[in-house]
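Chemist: sequence first, predicted model second:
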Amino acid sequence: MKLSYFRWLVISAAMGLLAPICWFLIQGLIGSNTKLEWKIAYPLERVIRVIWPSSIWLMATDGSEGTPASYVIAFMSVAANIALYAVLGSGVWLLKRLVTAPKE
């Protein structure tokens, strides 16, 4: 199946949105249970740091949760991850095009 560049870009950006959605969902579900948080969330943080590198920006919201500034920082962190995945996806698409280009 041959994907156009725009479709490839949208899929890459959506993959960049998937990690933050999963993380916020997990935090919402088990954030109040300390035992589960140590068993599940803490080991998962290591994985999140790799697949969502801009999550480190969330440290800037420590102590100011629920304020407009913290929501802006969280939004910027998610947007940066989407942009990163879009750029990486574009690079993969270009590399794929160069490798599979017809030889003359």
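Modeler: Received, thanks. Here the structure is a predicted model, which means the values were calculated and not measured.

Chemist: contacts, neighbours, all on C-alpha from now
Modeler: Fine.

Chemist: check what pLDDT Val10 gets.
Modeler: Looking at Val10, its pLDDT reads 94.

Chemist: contact partners for it?
Modeler: By Cα atoms under 8 Å, 6 or more residues apart in numbering, Val10 lies in contact with Ala86.

Chemist: where's it relative to Gly16, distance?
Modeler: Counting by Cα to Cα, to the nearest Å, the gap from Val10 to Gly16 is 10 Å.

Chemist: between the two, what contacts are shared?
Modeler: Joint contacts of Val10 and Gly16 (Cα under 8 Å, 6+ apart) are Ala86.

Chemist: all helices in this structure, in order from the N-terminus.
Modeler: For the chain, applying DSSP state H gives helices covering 5-30, 34-36, 42-51, 68-99.

Chemist: which residues are contacting the helix or strand of the chain with the lowest mean pLDDT?
Modeler: For the chain, using mean pLDDT, DSSP states H and E, the weakest element among its helices and strands is helix 34-36, scoring a mean of 76. Here helix 34-36 makes contact (Cα under 8 Å, 6+ apart) with Ile30.

Chemist: wait, doesn't Trp57 sit right on Val72?
Modeler: No. Using Cα atoms under 8 Å, Trp57 is not in contact with Val72; the gap is 10.8 Å.

Chemist: these two: who's more crowded?
Modeler: A side-by-side neighbour count of Trp57 and Val72, using other Cα atoms under 10 Å, places Trp57 first with 15 against 12.

Chemist: good, wrapping up.
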